[in-house]
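**Student:** all I have is the shape, not the residue letters:
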């Protein structure tokens, strides 16, 4: 019986470590791009950065709440790992009147949803995220020329509709 418990513990510990190894936020600056790709697998997006680097993006959309951008410099080393769906960052990160669609995708990945509203001539791109365990939505308004015109956040009411 003792051997069975030991074996079960070893298997459980191995699975736990494997799960940690595939967690993008566990990658540390200085890690090589090759090692990052080996540990995490193919990213959901790859985007060139100024200066010859590259962004490896790991998105948990459409069902998840995180988008992790791993920026690699021209020498192939990780320089930053950022969970970008963070309400405290939106005001600093989103460049209203400057960003175009491709810059939004390169930063946040593909949205959870793209829709239209009658009060805006363009599309509204939506991402799901969590703020202190509350389900929230980020809405970015993109005009017909592809320029970000505004953004706002709101509660994710989808879960409430499913429960009712």
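**Tutor:** Everything's here; your move. Values in this document were obtained by computation on a predicted structure and should not be read as measured data. Numbering: from 1, shown residues only.
**Student:** show me what contacts the residue nearest the centre of the chain?
**Tutor:** Centroid-nearest residue in the chain, with C-alpha atoms, centre = their mean: residue 67, separated by 0.6 Å. By C-beta atoms under 8 Å, 6 or more residues apart in numbering, residue 67 lies in contact with 57, 58, 59, 60, 61, 83, 84, 85, 108, 109, 127. Using the backbone N, CA and C atoms, a C-beta is placed for each residue, glycine as well.
**Student:** in strands, which of those residues fall?
**Tutor:** Among the contacts of residue 67, the members found in strands (DSSP state E) are 57, 58, 59, 83, 127.
**Student:** and for the third one, the neighbour number?
**Tutor:** As a burial measure, residue 59 scores 22 neighbours (other C-beta atoms under 10 Å).
**Student:** what lies in contact with stretch 35-46?
**Tutor:** With C-beta under 8 Å, 6+ apart, stretch 35-46 has contacts from 21-22, 24, 27, 54-59, 61, 70, 72, 78, 105-106, 109-110.
**Student:** which among the residues you listed count as buried?
**Tutor:** If you count burial by 16 or more other C-beta atoms under 10 Å, the buried members of those come out as 24, 27, 54-59, 61, 70, 72, 78, 105-106, 109-110.
**Student:** quick one on the thing from earlier: pick out the most distant pair among the contacts of residue 67.
**Tutor:** Within the contacts of residue 67, 58 and 127 form the most distant pair, 14.1 Å apart (C-beta to C-beta).
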